[in-house]
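In: no sequence on hand, only this structure:
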């Protein structure tokens, strides 16, 4: 492998994005779980819901902090590794990133302190509003970031003047052709990621004998949320696939390992793509199923890699990443359905009595959302190559001209730091699950809530 500046810059940005995306994928949906826990407590006065809120608020704070720090580092990459990207697309990407800061980040920063430390210091109404606004902020952040990324995938609403992308129609830019599908896909992915993290850590507490009343409430909410979200994700994924076929057929060809254009294309379940030979070795195929899934027709035509000379992504990474995503997603659905079936007869009980194998399965799946999210992200980003703005701007044209050793050194530094942070994060979650702290009684100022202050 020739580790030139372009490849090293791509690897460095991939490392930064891979680390960063882990944490927003949790917090986007986790804050909505917190809002649900808080509403249930306000309505029922069941202390178990407050225990669930208290524990998972601490997890949210830790995760949010890592997401913010890694996001700031990632933004520097535009200047250090991809100066040409901001130079050419800054008139579009700059405002979209700015909108994310002005709406989402300011909203989160303004009310996060009240959400984390306002219990007993502000009224319940204010505390609940703060939680809801932080949840809204996390979703708005996803909105703007996905809008920019989707525009890079399916650019619209622009014109190129003297080599620079100039906005012509901001509605077309923000709501570009792939944006609705990507946003829905991401929000559902976050729901599943947070659901399995909550269920997995709760299962670990049950196995270790450290479960509280809040553990049982949180587990049930997470499992049933996953049961709802997983089938919807499959439906949205199908719509997203149809949209990608229309706008990025080369990506679909790589995903399915289709080398020559054909009608009634089979679905390749497994195999070993060989780009040099233009074939997939040891392929396990289901006749015509590829065309049926992607075009909804038995004899639908699918374009092959050969139709996109010098304009298609590397096949093997996209091919395998997609199968990892689908495989993990299918396993998540099965585990969620099984757990929900076991929990349903106990839905009115105050405790959870799941078989130990089921608890171990949920524990093992605690971070499965990360695997599926990263795999899907690799499909999206690697599948866009060789373009950074699909069909308009090549990645190689905007990379830094720094010498490879400089990029390699910083890449290694990032990998070491991120590896240590990731191990520490998982270790802290394990410690928190094994040593849960119940919320202390509210301070006397909590009486303000009764007066509606």
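Out: Looks like it came in fine. This structure is a prediction, so every number in the text was calculated from the model and none was measured.
In: shaky segments in the protein?
Out: Within the chain, the ranges that satisfy pLDDT under 70 run 1-2, 347-350, 440-453.
In: so residue 439 belongs to a strand, correct?
Out: No: going by DSSP: H, G, I helix; E, B strand; the rest coil, the assignment for residue 439 is coil, not a strand.
In: could you report the neighbour count for the residue nearest to it when sequence neighbours are not counted?
Out: Of all residues not flanking residue 439 in the chain, residue 54 sits nearest, at 4.0 Å (Cβ to Cβ, 6 or more residues apart in numbering). In short, each C-beta sits where N, CA and C put it, glycine included. Neighbours of residue 54 under the rule other Cβ atoms under 10 Å: 21.
In: heads up, I number from 175, so please use that
Out: Okay, using 175 as the starting number, the last item reads as residue 228.
In: quick one: the helices in this protein, in order.
Out: Along the chain, the segments classed as helices by DSSP state H run 179-218, 221-254, 257-273, 280-291, 298-327, 344-348, 353-382, 387-421, 423-430, 463-469, 489-517, 530-538, 542-556, 578-608.
In: what are the buried residues along the last one?
Out: Same thing as helix 578-608. By neighbour count on 16 or more other Cβ atoms under 10 Å, the buried set for helix 578-608 is 578, 581, 584, 585, 588, 592, 599, 603, 606, 607.
In: next, the angle helix 353-382 makes with that helix.
Out: Going by axes from the mean of the first three to the mean of the last three Cα atoms, to 10 degrees, helix 578-608 is angled at 50 degrees with respect to helix 353-382.
In: just how off-centre is stretch 386-401 within its chain?
Out: How far stretch 386-401 lies from its chain's middle: 21 Å, per Cα atoms, centre = their mean, to the nearest Å.
In: over to stretch 270-280?
Out: Distance, centroid of stretch 270-280 to centroid of chain: 19 Å (Cα atoms, centre = their mean).
In: tell me which residues in that stretch are buried?
Out: 270, 271, 273, 274, 277, 278, 279.
In: quick one: which of the residues you listed is nearest residue 183?
Out: Nearest to residue 183 out of these is residue 271 (Cβ to Cβ; 19.3 Å).
In: check the gap between the closest one and residue 246 for me.
Out: Separation of residue 271 from residue 246 (Cβ to Cβ, to the nearest Å) stands at 12 Å.
In: same check on residue 214?
Out: Counting by Cβ to Cβ - residue 214 and residue 246 are separated by 34 Å.
In: equivalent analysis for residue 409, please.
Out: 35 Å.
In: with residue 390 instead?
Out: For residue 390 relative to residue 246 (Cβ to Cβ), the value is 38 Å.
In: looking only at neighbour counts, state which of these two leads.
Out: Higher neighbour count among residue 390 and residue 246: residue 390, with 23 against 10, using other Cβ under 10 Å.
In: number of nearby residues for the residue nearest to the more buried one when sequence neighbours are not counted?
Out: Nearest non-adjacent residue to residue 390, counting by Cβ to Cβ, 6+ apart: residue 526, 4.6 Å away. Counted by other Cβ under 10 Å, the residues lying close to residue 526 total 20.
In: that older thread, okay, the buried residues of helix 578-608 in a markdown table with distance to residue 262 next?
Out: Shown next, in a markdown table, are the buried residues of helix 578-608 (distance: Cβ to Cβ, whole Å):
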| residue | distance to residue 262 |
| --- | --- |
| 578 | 23 |
| 581 | 20 |
| 584 | 23 |
| 585 | 24 |
| 588 | 25 |
| 592 | 29 |
| 599 | 36 |
| 603 | 41 |
| 606 | 45 |
| 607 | 47 |
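In: pick the one among those residues closest to residue 185.
Out: The closest of the buried residues of helix 578-608, once distances to residue 185 are taken by Cβ to Cβ, is residue 585, at 6.0 Å.
In: list the contacts of residue 329.
Out: 339, 350, 563, 564, 565, 566 (Cβ atoms under 8 Å, 6 or more residues apart in numbering).
In: please list only the buried members of these.
Out: 339, 350, 563, 564.
In: ok, the residues you listed vs residue 311, which is closest?
Out: Distances from residue 311 to the buried ones among the contacts of residue 329, taken by Cβ to Cβ, are shortest for residue 350, at 22.8 Å.
In: that closest one and residue 519: what is the separation?
Out: Residue 350 sits 47 Å away from residue 519, taking Cβ to Cβ as the criterion.
In: how many residues are close by residue 417?
Out: 18.
In: surely it touches residue 353?
Out: No: look at residue 417 against residue 353 with Cβ atoms under 8 Å: they stay out of range, at 9.8 Å.
In: correct me, but residue 306 touches residue 206?
Out: No: with contacts counted by Cβ under 8 Å, residue 306 stays clear of residue 206, the gap being 9.0 Å.
In: so these two - more neighbours on which side?
Out: Between residue 306 and residue 206, counting by other Cβ under 10 Å, residue 206 is the more crowded of the two (22 against 18).
In: chain neighbours aside, what residue packs nearest to that one?
Out: residue 309 (5.0 Å).
In: now do the one you found against residue 527, distance only.
Out: From residue 309 over to residue 527 the distance is 31 Å, taken as Cβ to Cβ.
In: neighbour count winner among the two?
Out: Applying other Cβ under 10 Å to residue 309 and residue 527 shows that residue 309 carries more neighbours, namely 25 against 11.
In: what sits against the more buried one?
Out: Going by Cβ under 8 Å, 6+ apart, residue 309 touches 205, 206, 208, 209.
In: how about 10 Å then?
Out: Counting by Cβ atoms under 10 Å, 6 or more residues apart in numbering, residue 309 makes contact with 201-210, 234, 281-282, 285, 289.
In: same question, residue 467
Out: Counted by Cβ under 10 Å, 6+ apart, residue 467 has contacts 412, 415, 416, 430, 439, 441, 460, 474.
In: out of the contacts of residue 329, which sit inside strands?
Out: 339, 563 (DSSP state E).
In: ok, the contacts of residue 329 vs residue 511, which is closest?
Out: Closest approach to residue 511 among the contacts of residue 329 (Cβ to Cβ): residue 350, at 34.9 Å.
In: can I get the contacts of residue 329 in CSV including distance to residue 220?
Out: CSV is the format used below for these (distance: Cβ to Cβ, whole Å):
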residue, distance to residue 220
339, 54
350, 45
563, 51
564, 50
565, 55
566, 55
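In: tell me the one among the contacts of residue 329 nearest to residue 550.
Out: For the contacts of residue 329, the nearest to residue 550 is residue 564 (17.2 Å; Cβ to Cβ).
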